[in-house]
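Participant: starting from these lines, generate the structure:
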Amino acid sequence: MEHSQKFLSYVLLLALLLAFTVVALGAYTRLSDAGLGCPDWPGCYGHIGVPEQVKSDNYQRPLEADKAWKEMIHRYVAGALGLLILFIFFISFNRKYKQSPLVPSILLIVVIFQALLGMWTVTMLLSPVIVSAHLIGGLTTLSLINWLYLNNKNNRSHADSSSSSTYTSTLKLAATIGLFLVCAQIFLGGWTSTNYAALACGTSFPTCATQWWPTMDFANAFTISHTSNTNYEFGILENPARTAIQVTHRIGALVLSIYLIFLGTILLKQQALRKTAIVLFVILSIQVSLGILNVVLALPLSIAVLHNIVAAFLLLTVIAINHHLYNNAQTELKN
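Facilitator: Predicted coordinates:
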């Protein structure tokens, strides 16, 4: 039984690393403007790999090999992850792995939908609605795999120890709110990126275009819609709408930072979560710094990609906190 648990742990760890790689590659592909490097799906100009040349009459976009390879490498790794998730789904029905099929089943459904979103990202010409959903789907995949990994780790540790801690329902609620706020901020970050609003305020910080409250169009900034046959590459919104998105993202970052500092301060009092709280503070500090650098340095690719990667680390950290509170503890209802 212990051998089975170790095997599953290795499989889930590999899946977690692959999922993280897919998220990082997706950010790199999007931010380097390679999302339409291959104008078809799942191949690239009708090939499994990137062709050396294509007939211009067959495709509206000329071949840019460097962008095409970025997109195809992203697809290859995502495909490998999909196959591994399918394997996890099948072995979850084997009782010796002590893993309920529920989360693997949800994970498989999410990955199938992710594949569709990947196709629609290309066929709908980088529609912000689709690209943002694709980003959220990738992080959802990463989160579910992380939850499975923590479950398996929890099962193995419980085989050696029956000890548990007691946490109040208030602390668990606080952690849940923290997770919700992180997810909301990630969505705002994705919406900022997919609408090309990262530099809507120029390189001015903390002001926006040297103003504290510039002209903004909130009505059009958050309209969830898609117009057929519209190429959304480089964005179609006017600057007031993009400015509204950027300012909202900044306000969200401020609110999230204050809340996570509050949550982390509470967690420092919990012996089992003290190290995790310190990690939370470090990751939050790095993420805020990267966000500021993105603006003042005019969105360098390396910083922008790191901002996405650290956002994923922040999400996984808050998920780990919630997992510990809800699965490694007895609940004390009194506050």
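Participant: a helix runs through residue 38, doesn't it?
Facilitator: No. Under DSSP: H, G, I helix; E, B strand; the rest coil, residue 38 sits outside any helix and is assigned coil.
Participant: make 243 the starting number, not 1.
Facilitator: With the count now opening at 243, the last piece we talked about shows up as residue 280.
Participant: what's it sitting at in phi/psi?
Facilitator: In terms of degrees, to the nearest 10, the main-chain angles of residue 280 are phi -120, psi 120.
Participant: can you give me the helices in this structure?
Facilitator: 244-273, 307-333, 344-365, 370-402, 411-436, 460-463, 481-509, 516-538, 543-569 (DSSP state H).
Participant: pLDDT below threshold where in the stretch 393-542 of the chain?
Facilitator: Flagging of the stretch 393-542 of the chain using pLDDT under 70 yields the residue ranges 398-407.
Participant: again, 80 this time
Facilitator: 397-408 (pLDDT under 80).
Participant: make CSV out of the helices of the chain and add mean neighbour count and distance to residue 295.
Facilitator: Quick note: C-beta positions are derived from backbone N, CA and C, even for glycine. CSV is the format used below for those (neighbours: other Cβ atoms under 10 Å; distance: least, Cβ to Cβ, whole Å):
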stretch, mean neighbour count, distance to residue 295
helix 244-273, 18, 22
helix 307-333, 18, 9
helix 344-365, 17, 20
helix 370-402, 20, 28
helix 411-436, 18, 31
helix 460-463, 15, 41
helix 481-509, 18, 37
helix 516-538, 17, 36
helix 543-569, 19, 27
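Participant: got those helices as CSV, with distance to residue 452 columns?
Facilitator: Below are those laid out as CSV (distance: least, Cβ to Cβ, whole Å):
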stretch, distance to residue 452
helix 244-273, 26
helix 307-333, 35
helix 344-365, 35
helix 370-402, 27
helix 411-436, 20
helix 460-463, 20
helix 481-509, 12
helix 516-538, 13
helix 543-569, 22
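Participant: select, out of the ones you listed, the one closest to residue 288.
Facilitator: Closest approach to residue 288 among these is made by helix 307-333 (12.0 Å; Cβ to Cβ).
Participant: any idea how far residue 439 lies from residue 270?
Facilitator: 19 Å (Cβ to Cβ, to the nearest Å).
Participant: one more: residue 259?
Facilitator: 16 Å.
Participant: got it, and residue 365?
Facilitator: Counting by Cβ to Cβ, the gap from residue 365 to residue 270 is 22 Å.
Participant: repeat that for residue 469.
Facilitator: From residue 469 to residue 270 the distance is 27 Å (Cβ to Cβ).
Participant: go on, residue 349?
Facilitator: 24 Å.
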